[in-house]
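In: Predicted structure and sequence below. I'll ask about it afterward.
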Amino acid sequence: MLGILITLAVVAVVAYCVLKNYYPPIVLLLAGFVMLVCAAATGTMPVAADKSTNFFGFDLGEAFTALMRSRLPGLGLNIMLIAGFSVYMDRIGASKALVKLCVKPLQAIRSPYVLLAVTYVVGQFMALFINSAVGLGLLLMASVYPLLVALGVSRASAAAVIGSTCCLDLGPASSNAMRAADLMQVDVVTYFVTSQIPVALCVIASVAIGHFFVQRWFDRRDAMKLANGPAEEKQDIAKAFEGAGPAHYAILPMLPLFLLIVFSPMVYADVKLSLQTGIIVSILIAFFVDLLTKRSFKDCCASTQAVFEGMGKVFTSTVGLICCAELFALGMNKLGGVTALIQAAASMESAGVWVMLLVMLAIMVVATVVTGSGNAAFFAFSPLLPEAAASVGISTAVLAVPVQLSAGIARTMCPIAGVIIAVAGIAGLTPFDIVRRTVPVMLLALTVNVIASAALL
């Protein structure tokens, strides 16, 4: 009981600090150390006896060092390579070429709320290839947002839909998907095709329908409609695509997904291709396509600097946050508060499965809203999933899939999430104006997520 009380107190302090714009990684790191010290006071040491430095103060540092050693060579490098590839695609204009290709059919839809629903579906599809939620949100704000507003949708509705286009972390390039696949001991492509897609299709349909009705209700209630003239809309959209590469560049962001699916156990198992190698090969192919198109070796070489810039940027923004969040979770586990909740859920014979699922979802949603990062929350608490599933006698997939998807859904309800802040800033609104419109839709998504996972997995 004491462990639960200390855990709740520390979580409350962390939530306060994050909402007050303290730097989240150091807040989580210090909170983790505090909980490790509290756990040590009850006899649970930060590291195993055979890993101990024989000095408690150093053992605290060793606990964090061990997490860094386990994350950076594998999943940390995966995330950095994906980010580097994404920034490179943006630098050469391939991301804008893909968005331009996908957005063009949307201009034929004249019903504003049908267009809202379709915009979400198209945006979620593009999220498979543009891995940055903020990056995709900014592209859509520059391209689709003027069209939505011109058709009579309020600024808040348009921004809410665009801010939710990455609400599901899908595909082999998703770091959360990679982590979930590791937990289930399958390759990430198999996890994507057999576990994610069936559930995600149900959730995507529910979000699209939810946006249609929820945003229309808010617009009618608030009576805030803003219409720009058609000429201004076309001018803004044309400006948004300045710097877009040729039409064939739209294929380049899709290369990693294509290669990973083709050279996977599901299609052609004789050739083994890792995610890291697939990204490197995709970068090389994109470089030669860019070289053949622009015929400037010097400029094409200069563009590849974006790969390493993206890798460094995501290390500071995501990988570091994930490692600090994992130490925070380690402290919670050592205190025993979360373990107590899992054991309580497992003890409920008939309702144990549902209670366990709800407990893990609640942990994930709260952690995501507190940190503003679905990645940090999922990496922090995902190690609990196999044990939690085994305690109630179910497959790890039944817990891993809905909990993994819920991290992205919860991020869309968080006013301090990067994509919400970015979209709100461009729309001239506050993040709370956006999340009050996304929360009802995301609650529907969470419900469908649980039901579909239970029915299909």
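Out: Nice, I can see it.
In: Quickly note the distance from the residue of the chain most remote from its centre to Met45.
Out: Distance to the chain centre peaks in the chain at Asn54, reaching 39.0 Å (criterion: CA atoms, centre = their mean). Distance of Asn54 to Met45, computed by CB to CB, to the nearest Å: 11 Å. Where C-beta positions appear, they are placed from N, C-alpha and C, glycine not excepted.
In: what's the answer for Val359, then?
Out: From Val359 across to Met45, the span is 27 Å (CB to CB).
In: more crowded one of those two?
Out: Per other CB atoms under 10 Å, whichever of Val359 and Met45 has more neighbours is Val359, with 19 against 16.
In: Quick check: which element contains that one?
Out: Using DSSP states H and E, Val359 sits in helix 352-371.
In: same check, this time on Asn449
Out: Using DSSP H and E, Asn449 falls within helix 431-456.
In: Could you do Gly135 as well?
Out: Per DSSP H and E: helix 133-143 holds Gly135.
In: State the mean pLDDT of the very next helix or strand once past that helix.
Out: Sequence-wise, the next helix or strand downstream of helix 133-143 (DSSP H and E) is helix 145-150. Helix 145-150 shows a mean pLDDT of 75.
In: ok, now stretch 298-306?
Out: 92.
In: Can you get me the centre-to-centre distance for that stretch and its chain?
Out: On the basis of CA atoms, centre = their mean, to the nearest Å, stretch 298-306 sits 28 Å off its chain's mean C-alpha point.
In: pLDDT-wise, which helix or strand of the protein ranks last?
Out: One helix or strand of the chain scores below all others by mean pLDDT, DSSP states H and E: helix 230-240, with a mean of 47.
In: Tell me the first helix or strand C-terminal of it.
Out: Heading C-terminal from helix 230-240 (DSSP H and E), you reach helix 255-262.
In: What is that following helix packed up against?
Out: Contact here means 3 or more CB pairs under 8 Å, 6 or more residues apart in numbering; DSSP states H and E; on that basis helix 255-262 packs against helix 188-190, helix 275-294.
In: Check which residues of the helix or strand just after the first one are buried.
Out: So that's helix 188-190. Downstream of helix 188-190, the first helix or strand assigned by DSSP H and E is helix 197-222. Going by neighbour count (16 or more other CB atoms under 10 Å), the buried part of helix 197-222 is 199-200, 202-204, 206-208, 210-212, 214-216, 218-219.
In: correct me, but Val448 touches Ser206?
Out: Yes. With contact defined as CB atoms under 8 Å, Val448 counts as touching Ser206 (4.2 Å).
In: re the thing from before, the helix holding Val359 to helix 431-456, inter-axis angle?
Out: Interaxial angle of helix 352-371 relative to helix 431-456 (axes from the mean of the first three to the mean of the last three CA atoms, to 10 degrees): 160 degrees.
In: Alpha carbons only: can I get helix 352-371 in PDB?
Out: Extracted in PDB, the C-alpha atoms of helix 352-371 (Å, rounded to 0.1, in the frame of the first residue of the first chain):
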ATOM      1  CA  GLY A 352      -9.600 -10.600 -14.500                       C
ATOM      2  CA  VAL A 353      -8.900 -10.300 -18.200                       C
ATOM      3  CA  TRP A 354     -11.000  -7.200 -18.600                       C
ATOM      4  CA  VAL A 355      -9.800  -5.600 -15.400                       C
ATOM      5  CA  MET A 356      -6.200  -6.300 -16.400                       C
ATOM      6  CA  LEU A 357      -6.800  -4.700 -19.800                       C
ATOM      7  CA  LEU A 358      -8.400  -1.600 -18.300                       C
ATOM      8  CA  VAL A 359      -5.600  -1.300 -15.700                       C
ATOM      9  CA  MET A 360      -2.900  -1.400 -18.400                       C
ATOM     10  CA  LEU A 361      -4.900   1.000 -20.600                       C
ATOM     11  CA  ALA A 362      -5.300   3.400 -17.700                       C
ATOM     12  CA  ILE A 363      -1.600   3.300 -16.900                       C
ATOM     13  CA  MET A 364      -0.700   4.000 -20.600                       C
ATOM     14  CA  VAL A 365      -3.300   6.800 -21.100                       C
ATOM     15  CA  VAL A 366      -2.300   8.600 -17.900                       C
ATOM     16  CA  ALA A 367       1.400   8.200 -18.600                       C
ATOM     17  CA  THR A 368       1.000   9.600 -22.200                       C
ATOM     18  CA  VAL A 369      -1.100  12.500 -21.100                       C
ATOM     19  CA  VAL A 370       1.400  13.400 -18.400                       C
ATOM     20  CA  THR A 371       4.500  13.200 -20.600                       C
END
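In: can you redo the helices and strands packed on helix 255-262 as TSV with mean neighbour count and distance to Val365?
Out: Converted to TSV, those look like this (neighbours: other CB atoms under 10 Å; distance: least, CB to CB, whole Å):
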stretch	mean neighbour count	distance to Val365
helix 188-190	21	24
helix 275-294	18	27
